[in-house]
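Asks: I need the structure of the sequence given here:
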Amino acid sequence: MNKPVYAIIGVKNEALSIENVLRQLWRSKVAGAMVICNGCTDESYERTQAIARTSPYPICATSIPSPLGHDVARAIGTYGVLRRLAVGAEALCLYIDGDWSGAFGPALHDFIAFGIERDADVLSLSRTCLVDDAMLAAATCWQQALALQQAVPVDALPFMVPMLVHTRLFQQLSPLLLAHPGVFVARCATSQSLSWHTFDAWDNRLTGHRSRNRQHAQAMRARITLDGQTAHAILSGRRCKNTPPPSGIPPRNFAALLNCAAQARWTLPRTR
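Replies: Numbers count the residues shown, from 1 in each chain. Model (predicted):
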């Protein structure tokens, strides 16, 4: 793999699963990992630090006392990766969850290799990977939004992980947008040169992904649907509704994200 791949993992009370996640990342041949522990009331941060001390690859753990909400850790972790890159260097940001429990390392390696071979700006899962029937309504909402543009494949699942993003994309789009998939996709859709690919060989059963409870699963589906509706509104030229976040999951903590962004410093290569 010619460009380093850095995993970005948002973690909230995943002390029992984070060791497996980091071990499987080593099997997938990543160059490093950014672990953003937020709102944790268990030992997720301490456990990650302990693993990092003997890890065969670098792991950087950050602890944020308040919950960040859905997707915000992706943006914060991306700023962390960009700060560490040398001037002119390129890398790939790999977004995954911190509660995966299966032996997903080799499959994740194949996912990364697929994106690198195609020199993708973005690689996401395709609709064929969706095995949760309860998620179909949310996926349909997204599909209707993606049908309004041509840059992002209509079968893409931008709300699911894994997802791979090339750092060169952030010369056009702010990493802040990663905190809201609906806005991120709508902005990507305006790019004339975007290379977005989808991957259809992912098996979610490999990750052992599980919801905390039925209420949490319903809230997550509602969050994903709202994000798809936001993408649809932007792409159709309508004003986005100021809809309150679903109950059962923390709201997106944009204040913490903006604080992180205000401290970001990195130099982009000079263009001719």
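Asks: Excluding chain neighbours, what is closest to the residue nearest to the spatial centre of the chain?
Replies: By Cα atoms, centre = their mean, the mean C-alpha position of the chain lies nearest to residue 95, the distance being 3.8 Å. Leaving aside its sequence neighbours, residue 95 sits nearest to residue 163 (Cβ to Cβ, 6 or more residues apart in numbering; 4.7 Å). Every residue, glycine included, has its C-beta placed from N, CA and C.
Asks: Can you give me the neighbour number for that neighbour?
Replies: Other residues within reach of residue 163 by the criterion other Cβ atoms under 10 Å amount to 24.
Asks: and if you look at the one 3 residues further on?
Replies: Neighbour count for residue 166, taken as other Cβ under 10 Å: 19.
Asks: before we move on, what about residue 165?
Replies: Here the neighbour count serves as a burial measure; for residue 165 (other Cβ under 10 Å) it reads 27.
Asks: hang on, isn't it packed against residue 112?
Replies: No - at 11.8 Å, residue 165 does not count as touching residue 112 under the criterion of Cβ atoms under 8 Å.
Asks: intersection of neighbour lists for those two?
Replies: By the contact definition Cβ atoms under 8 Å, 6 or more residues apart in numbering, residue 165 and residue 112 are jointly contacted by residue 92.
Asks: about what we covered before: look up how far residue 178 lies from the residue nearest to residue 95.
Replies: Computed as Cβ to Cβ, to the nearest Å, the residue 163 to residue 178 distance reads 9 Å.
Asks: which residues do these two both contact?
Replies: Common neighbours of residue 163 and residue 178 (Cβ under 8 Å, 6+ apart) are residue 95.
Asks: all helices in the protein, in order from the N-terminus.
Replies: 18-27, 44-54, 72-84, 105-117, 136-146, 181-188, 214-235, 254-262 (DSSP state H).
Asks: I'd like the ones you listed as a markdown table, with mean neighbour count, distance to residue 8 and mean pLDDT appended.
Replies: As requested, the helices of the chain are exported to a markdown table (neighbours: other Cβ atoms under 10 Å; distance: least, Cβ to Cβ, whole Å; pLDDT from 0 to 100):
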| stretch | mean neighbour count | distance to residue 8 | mean pLDDT |
| --- | --- | --- | --- |
| helix 18-27 | 20 | 11 | 97 |
| helix 44-54 | 17 | 13 | 97 |
| helix 72-84 | 23 | 3 | 94 |
| helix 105-117 | 18 | 13 | 97 |
| helix 136-146 | 19 | 22 | 93 |
| helix 181-188 | 23 | 14 | 96 |
| helix 214-235 | 19 | 18 | 93 |
| helix 254-262 | 15 | 13 | 89 |
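Asks: Export those as CSV, with columns for distance to residue 10.
Replies: Rendered in CSV, the data for the helices of the chain read as follows (distance: least, Cβ to Cβ, whole Å):
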stretch, distance to residue 10
helix 18-27, 11
helix 44-54, 11
helix 72-84, 3
helix 105-117, 17
helix 136-146, 19
helix 181-188, 13
helix 214-235, 13
helix 254-262, 12
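Asks: For residue 171, which of those helices is the nearest?
Replies: Judged by Cβ to Cβ, the one of these that comes nearest to residue 171 is helix 72-84, at 10.5 Å.
Asks: Residue 9: neighbouring residues, count only.
Replies: In terms of burial, residue 9 registers 28 neighbours under the definition other Cβ under 10 Å.
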